[in-house]
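[1] This is a predicted model, with the sequence first.
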Amino acid sequence: MTALDLAYVRSQFPAFSVPDLSDKAFFENAGGSYACAPVIDRLTRFYRERKVQPYAPYEAATLGGAEMDEARARLAAMMGVKTPEVSFGPSTTANTYVLAQAARRWLKPGEAIVVTDQDHEANSGPWRRLAEEGHEVREWKIDPATGSLDLARLASLLSDGKVRLVCFPHCSNVIAEINPVAEIVALAHAAGAATCVDGVSYAPHGLPDVGALGTDIYLFSAYKTYGPHQGVMVIREDLGMRLPNQGHFFNGETLYKRFTPAGPDHAQIAASAGIADYFDALHAHHFGTERDPSKRGVAVHDLIRAHEASVCQPLLDYLADRNDVRLIGPRDAADRAPTVAVDLGRHAEPVSEALAAEGINCWAGDFYAVRPLTALGVDLSAGVLRLSMVHYTSAEDVARLIAALDRVL
């Protein structure tokens, strides 16, 4: 297994050269990662040279439109889907809301949807509101001891054949266990249901091969994936063209425009091509030449995941060995994203403040994960301490964090 070249990785992130950031250990990546240099460069260039209405027949507009098209095409290829199946919106929360409005008209009387109580509210609340329209909403509940989703419970919810959509996370932003997406999708499809996967908490740890997962919808946030503040949607063509158009009526035949009711953010969409630039640069540096973008994506995904698991495991072991805190989610780093939530049994915010004084940048609260934390019996007024890593996190950062936790706790 090729080892991640952390020095190279950090050289691609300007934040690590900023004096007030370079001496800090950053553990709030689940709230938003640092932007990589190609994204920053593309965004700066667009605002400086191409901040005009794109696609017009003059150079600045033509180049701007081409860069927007490039972002869609390259991200689609990396995720193993068709270019028109990728669209952008202002955030994943907004994108989910738009999709729920489409489903409101798509669902027929007597049909149902399934949601979980493992989700961040963005992929739960909009779907749950469909109950106000008279649609049946069924809840796939987590195990209150572990936070895990049991496939047998889902099978029971699907057994009468009335479910048309199953909405669930690739992993939770507090529990972090990686759900078996392909297996869940296959179960739902066999029962005649489509699937919507919230990948916000997973995609920063390597863009998934959405084609291989088989899901009908996959959502993630570019700003947590080293990019600008945009929500990225993959909507497979078959379902996307059946859901009612939410865009301008004259754009209804264009898949990537059907779920963008407002005008797109041209500059941020164009800058999202920088995410592909960065992942391709990672691949070239570690593996050399590979013409297939999907294969490049898989290789980078596996490279990132291996590094993250190795740096996260010591923290999981440390927290699991303490008898004064509750580690939420799996203890094996291979089974989870490196987003580590801890129930301290007391108010967590003062602890995050104390860690900041130690040079550890993290946060505390409920992180909009009110439903899973409630199901797990966590006191919402106290919240949890969340320590979230990505692939630019070093083993030294984690050792520094553990030493600081020893002093603070």
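    All right, it came through fine.

[2] what about the strands in the stretch 201-350 of the chain?
    217-221, 231-235, 326-327, 339-343 (DSSP state E, counting those that start in this stretch).

[3] if we compare these, which one ends up closest to K82?
    Checking the strands of the stretch 201-350 of the chain against K82 by C-beta to C-beta gives strand 231-235 as the closest, at 9.4 Å. Just so you know, the C-beta spots here come from the backbone N, C-alpha and C atoms, and that holds for glycine as well.

[4] For the closest one, which strands pair with it and how are they oriented?
    Sheet pairing of strand 231-235 (DSSP bridges) gives strand 86-89 (antiparallel), strand 217-221 (antiparallel).

[5] tell me the domain boundaries of the protein?
    As assigned by automatic domain parsing, the chain contains the domains 6-35+294-408, 43-276.

[6] export these to CSV and tack on distance to G288, mean pLDDT and mean neighbour count?
    Rendered in CSV, the data for the domains of the chain read as follows (distance: least, C-beta to C-beta, whole Å; pLDDT from 0 to 100; neighbours: other C-beta atoms under 10 Å):
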stretch, distance to G288, mean pLDDT, mean neighbour count
domain 6-35+294-408, 10, 97, 18
domain 43-276, 17, 97, 20
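
[7] In TSV: those domains, plus distance to H283.
    Formatted as TSV, the domains of the chain follow (distance: least, C-beta to C-beta, whole Å):
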stretch	distance to H283
domain 6-35+294-408	4
domain 43-276	10
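
[8] Ok, which of those comes nearest A284?
    domain 6-35+294-408 (8.6 Å).

[9] Mind listing residues that contact stretch 393-403?
    For stretch 393-403, contacts defined as C-beta atoms under 8 Å, 6 or more residues apart in numbering pick out 6, 25-27, 29, 308, 310-312, 314-315, 318, 338, 355, 359-360, 387, 389.

[10] residue nearest the centroid of the protein?
    V200 (1.5 Å; C-alpha atoms, centre = their mean).

[11] Note down every partner strand of the longest strand anywhere in the chain and its orientation.
    With residue count as the measure and DSSP state E as the assignment, the chain has strand 163-169 as its longest strand. Paired neighbours of strand 163-169 in the sheet (DSSP bridges): strand 112-116 (parallel), strand 194-198 (parallel).

[12] so can I have CSV of the ones you listed showing distance to P372?
    Below are these laid out as CSV (distance: least, C-beta to C-beta, whole Å):
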stretch, distance to P372
strand 112-116, 8
strand 194-198, 12
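
[13] nearest to D216, of these?
    Of those, the one closest to D216 (C-beta to C-beta) turns out to be strand 194-198, at 4.3 Å.

[14] Between the two ends of stretch 11-24, how far is it?
    16 Å (C-alpha to C-alpha, to the nearest Å).

[15] Check what contacts it and list those residues.
    For stretch 11-24, using C-beta under 8 Å, 6+ apart, the contacting residues are 10, 26, 34-38, 40, 226, 278, 281-282, 359-361, 392.

[16] go again using 10 Å as the cut-off
    5, 9-10, 26, 33-41, 226, 277-278, 281-282, 285, 356, 358-361, 392, 397, 400 (C-beta atoms under 10 Å, 6 or more residues apart in numbering).

[17] how distant is that stretch from the center of its chain?
    23 Å (C-alpha atoms, centre = their mean, to the nearest Å).

[18] Dump the strands paired with strand 231-235 into JSON lines; add distance to G252 as well.
    Output for these, formatted as JSON lines (distance: least, C-beta to C-beta, whole Å):
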{"stretch": "strand 86-89", "distance to G252": "13"}
{"stretch": "strand 217-221", "distance to G252": "18"}
